[in-house]
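Enquirer: give me coordinates for this.
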Amino acid sequence: MSLKQLSRLIAVFFLVLLCACLCCQAAEIPAAGGQCGIPSFENRMETEHFVLKWTNNSAHPADNIADPQVVRETAGYLETAWDKLTGLFGRTPYLPPGGSKIAVIFHDLDCYAYADPPEGPIELNSGVWAKRPSIRQSTSAHELFHKLQYAYGFKTRWPPRKPMLWFTEGTAGWAEVFVCGRVTRSCKIEDMFMDKSIDLYKAEDMALPFWIFFVSGNSGVPEDQLMVKLFEKCEEEKWDVEKALFEVIQDVYGPVDSFFLRFELARSRGFWRAPASVKCNYTSILGPDGKDLVAEIKRYQEKRHESEAGVIVHHRGT
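Expert: You can find the predicted model right below:
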């Protein structure tokens, strides 16, 4: 054997040895740990439709959930949301191919929760979950609704043509109210009334009042079935959302322009007009602090109307 051949043989030997070492190291990495900041989960709870995983042993304290009751409570909220949403839509939230349950994991996040990509788990912020129990139920409904959006083809069959958070986040906000009559953040109800410069198509989750108006939740007995009709139309139109929305509005309410004009007028004054006898999730919507946001907006609009009327009278008198 020549010196050149021996050198090549030694090089191949060390290359094989290096690959074997790397493979052994990879095998020792926990399947759920060390990837994108997600810790390993030593705790697990299964319900009919969900598998919830959490840890109290992470080296990163913000990942940890010390009280299992937090997880048990969340499991109940998710199952309640599942029942209410599937009961209305007649369709189950999206499950990845071969999956039978939705995975839910608790760890540190830079937001309350996350449910993207479609085949991924629902991710919940451990720190927020432990410290702010008032947002658990509404956030659970919100994130599960994103899974239902995927079941209608959003991102699973048709990628979004353009950003449309006013639709995807706005309708997920509607799901919060539909499921439990409360929202994760008060601004989802308040801001569109208190800042008339907010454009619907740029409102993101603050577009929620529009979707309440869409199902007539502000003026009488709500027509929640319209949300089902809308998502079926979105699927039919391959997620051309505006086309689908306009077709449903035209079919149910008449001219689209008139519908949007009525919404803007209601947004300025007297949005909630449901009789006192009507009791539903839309007539009393709670914020995370337990404040009744519907009562607050009613008072705000009454004061603004009185102020505007006073200005008109003043000008007439001068």
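Enquirer: in stretch 259-270, what counts as buried?
Expert: Buried residues in stretch 259-270, counting neighbours by 16 or more other C-beta atoms under 10 Å, are found at Phe259, Phe260, Phe263, Ala266, Arg267. (Glycine included, C-beta is placed from N, CA and C.)
Enquirer: among the residues you listed, which ones are in helices?
Expert: Members of the buried residues of stretch 259-270 lying in helices (criterion: DSSP state H): Phe259, Phe260, Phe263, Ala266, Arg267.
Enquirer: which of those residues sits closest to Asp195?
Expert: Arg267 (10.4 Å; C-beta to C-beta).
Enquirer: ok, now which ones touch that closest one?
Expert: Met192, Phe193, Lys196, Pro209 (C-beta atoms under 8 Å, 6 or more residues apart in numbering).
Enquirer: if I look at it, how far off is Gln69?
Expert: Distance of Arg267 to Gln69, given as C-beta to C-beta, to the nearest Å: 41 Å.
Enquirer: how is the chain carved up into domains?
Expert: For the chain, the structural domains run 39-133, 158-318, going by automatic domain parsing.
Enquirer: Ala81: neighbour count?
Expert: Counted with other C-beta atoms under 10 Å, residues neighbouring Ala81 total 27.
Enquirer: ditto for Asn56
Expert: 16.
Enquirer: and it, which helix or strand is it part of?
Expert: Asn56 belongs to no helix or strand when assigned by DSSP states H and E.
Enquirer: my guess is it contacts Ser40. True?
Expert: No - using C-beta atoms under 8 Å, Asn56 makes no contact with Ser40, being 11.4 Å away.
Enquirer: can you point out the buried residues in stretch 126-146?
Expert: Applying 16+ other C-beta under 10 Å to stretch 126-146 flags 126-130, 135-146 as buried.
Enquirer: turn the ones in helices among the buried residues of stretch 259-270 into a markdown table, columns for pLDDT and distance to Lys233.
Expert: Output for those, formatted as a markdown table (pLDDT from 0 to 100; distance: C-beta to C-beta, whole Å):
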| residue | pLDDT | distance to Lys233 |
| --- | --- | --- |
| Phe259 | 98 | 15 |
| Phe260 | 98 | 18 |
| Phe263 | 97 | 19 |
| Ala266 | 94 | 23 |
| Arg267 | 93 | 24 |
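Enquirer: a markdown table for those, including distance to Ser216?
Expert: Below are those laid out as a markdown table (distance: C-beta to C-beta, whole Å):
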| residue | distance to Ser216 |
| --- | --- |
| Phe259 | 11 |
| Phe260 | 15 |
| Phe263 | 11 |
| Ala266 | 11 |
| Arg267 | 15 |
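Enquirer: farthest pair within those residues?
Expert: Pairwise over those, using C-beta to C-beta, the maximum falls at Phe259 and Arg267, 12.6 Å.
Enquirer: and the gap between Cys111 and Gly290?
Expert: Cys111 is 22 Å from Gly290, by C-beta to C-beta.
Enquirer: swap in Ile135?
Expert: For Ile135, the distance to Gly290 - C-beta to C-beta - is 12 Å.
Enquirer: Phe193 now?
Expert: Counting by C-beta to C-beta, the gap from Phe193 to Gly290 is 20 Å.
Enquirer: can you check Pro61 too?
Expert: Distance from Pro61 to Gly290, by C-beta to C-beta: 28 Å.
Enquirer: also Thr55?
Expert: 30 Å.
Enquirer: strands of the stretch 101-250 of the chain, start to end?
Expert: 102-107, 113-114, 122-125 (DSSP state E, counting those that start in this stretch).
Enquirer: show me where the chain has helices.
Expert: Using DSSP H, helices in the chain cover 3-28, 68-89, 126-131, 136-151, 165-180, 187-194, 208-214, 225-236, 241-253, 256-268, 293-317.
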